[in-house]
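Undergrad: predicted coordinates and the sequence they were generated for:
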Amino acid sequence: MSKASRLGLLRDPDFGRLFAATALGQLGDRIVFLALPLAALEATHADEFRLGLLAAATTAGSLLVGLPAGAWVDRTRKRPVLAGADLLRALVLSTVPVAWWAGTLTIGWLYAVALVHGVLTVFFDVAYAGFLPHVVGRGRLLEGNAKLSAVRSVTSIGGPTVAGPLAGLAGAPAALWASAAGMAVSGLLALTVRTREPRPEPGPAPRLGREIGEGVRFVFGHPVLRAVVLGDAVFNLFLVLYQSMLLVFLTREAGLTPSGIGLVLSGMGCGALLGALLAARISARVGQGRVIWLASLATCPLTALMPVARPGWSLYAAAAGLAALSLGGVVRVVAQSSLQQALTPDRLLGRTSATARFVSWAGIPLGGVLGGVSGAVFGATATLWTGAVGMTLSALPNLLSPLRGPGAGAVPVPRTPA
């Protein structure tokens, strides 16, 4: 294979800039994933319930602005939204180390930062999903999503590897400086992308309710998209429930230090990277539709290895199970993201992405709260068992949809966007 073939879309300057911005932004986001709950443990001595509430606050933005964000983003060009959201996220995160050094950091402050960061992330993600088809073209969406997933996976490895030792040396709140810096540079890079999608054509007087309803009807009126978002909703609820007690289990039951936890999470990043590298090949062999439910069935049950793990070989096996979960998750997400973008007309890209995200993420705050309550009442181990079973059952909506039928191998792509 020639070098040009291997690089593919990376030879395109605009995709290269978007790729670099994604790398830095995702590195910052992965540091947040580890450093924010560690900051709550270290600086405020938060218990299991408060950690669950923090996880809920991180994702509550999807419920607060998830549907309106799609309508608002569809009214404008996407690139300025990407850059603005990244720069504002950097500013918000930088307040945590400042408050810590000033001696004023509280769990309430962390809740507020998590909530605002989550709202900005909604706008970023909705605009990102709508901007990518304009940068790469609809015919190369699978390649584009796979390459971007690969760089996200690399940062999943590097983020915890950086955040763990940094939190150990300088304190978890200080580690968020690195996160803020990555997002700030990501926002500046997004401004250098030269692709300009057409300005949305003016239609009737904007009516938020009507615009939101159009996106919701499109998603739920399509049997494939409906199954995908419902399966994601179940998976995400139980994933967050699982994750809300994972750090507690690794710290208190497995006896790991922040550096050790970083290595476990980096292993998940390795699985995600392998999944991104194999996603296009697996989708071509198995079928872009069929791989969505097969990936879940093959990897979610392995998360049950963690609640039975103890220091030693069983912990290594459990970490490998989490890596497999990440591998399957990336393969599934690349396939279904490309499918969603390919099936959606240009004028509905933002609203379809927002609707899918709203439904898929609707259970995430609930998962965080339930995880905290379950951890406080039943303990971290029982909560991990519940999460493992729930994630496995998330394949059911897709198994009961056209994705399981004889036509699931390939999904037709409209030649001309509506």
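TA: Perfect, thanks for sending it. Just so it is clear, the structure is predicted and the values come from calculations on it, not from any experiment.

Undergrad: rest of the way, CA atoms for contacts and neighbours
TA: Fine.

Undergrad: from memory Pro397 sits against Leu230, does it?
TA: Yes - between Pro397 and Leu230 a contact is recorded at 6.5 Å, counting by C-alpha atoms under 8 Å.

Undergrad: who's in contact with Tyr242?
TA: Gly371, Thr383, Leu384, Thr386, Gly387, Ala388 (C-alpha atoms under 8 Å, 6 or more residues apart in numbering).

Undergrad: mind doing that once more with 6 Å?
TA: Leu384, Gly387 (C-alpha atoms under 6 Å, 6 or more residues apart in numbering).

Undergrad: how near is it to Asp125?
TA: For Tyr242, the distance to Asp125 equals 23 Å [C-alpha to C-alpha, to the nearest Å].

Undergrad: please apply the same query to Gly137.
TA: In terms of C-alpha to C-alpha, Gly137 sits 18 Å off from Asp125.

Undergrad: buried ones in stretch 14-27, by neighbour count?
TA: Of the residues in stretch 14-27, 14-15, 17-27 count as buried by neighbour count, 16 or more other C-alpha atoms under 10 Å.

Undergrad: quick one: mean pLDDT over the helix or strand where Val65 lies.
TA: Using DSSP states H and E, Val65 sits within helix 61-74. If you average the pLDDT over helix 61-74, you get 78.

Undergrad: C-alpha coordinates for it, CSV please?
TA: Provided in CSV are the C-alpha atoms of helix 61-74 (Å, rounded to 0.1, in the frame of the first residue of the first chain):
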residue,chain,number,x,y,z
GLY,A,61,-26.1,19.5,29.6
SER,A,62,-27.5,17.0,27.1
LEU,A,63,-30.9,17.2,28.8
LEU,A,64,-30.8,21.0,29.3
VAL,A,65,-29.9,22.1,25.8
GLY,A,66,-29.6,18.9,23.8
LEU,A,67,-32.6,19.5,21.5
PRO,A,68,-32.5,23.3,21.1
ALA,A,69,-28.8,23.1,20.4
GLY,A,70,-29.5,21.2,17.2
ALA,A,71,-32.0,23.8,15.9
TRP,A,72,-29.7,26.7,16.8
VAL,A,73,-26.6,25.1,15.2
ASP,A,74,-28.6,24.3,12.0
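
Undergrad: contacting residues around the helix or strand just after it?
TA: Using DSSP H and E, the helix or strand that follows helix 61-74 towards the C-terminus is helix 79-102. By C-alpha under 6 Å, 6+ apart, the surrounding residues in contact with helix 79-102 are Leu105, His117, Leu120, Phe124, Pro173, Ala174, Trp177, Ala180, Met183, Ala184, Gly187, Ala190.

Undergrad: got the angle between the helix or strand Val359 falls within and helix 61-74?
TA: Val359 belongs to helix 349-361 when elements are defined using DSSP H and E. For helix 349-361 against helix 61-74, the angle by axes from the mean of the first three to the mean of the last three C-alpha atoms, to 10 degrees is 170 degrees.

Undergrad: just how off-centre is helix 349-361 within its chain?
TA: A distance of 13 Å separates the centroid of the chain from that of helix 349-361, by C-alpha atoms, centre = their mean, to the nearest Å.
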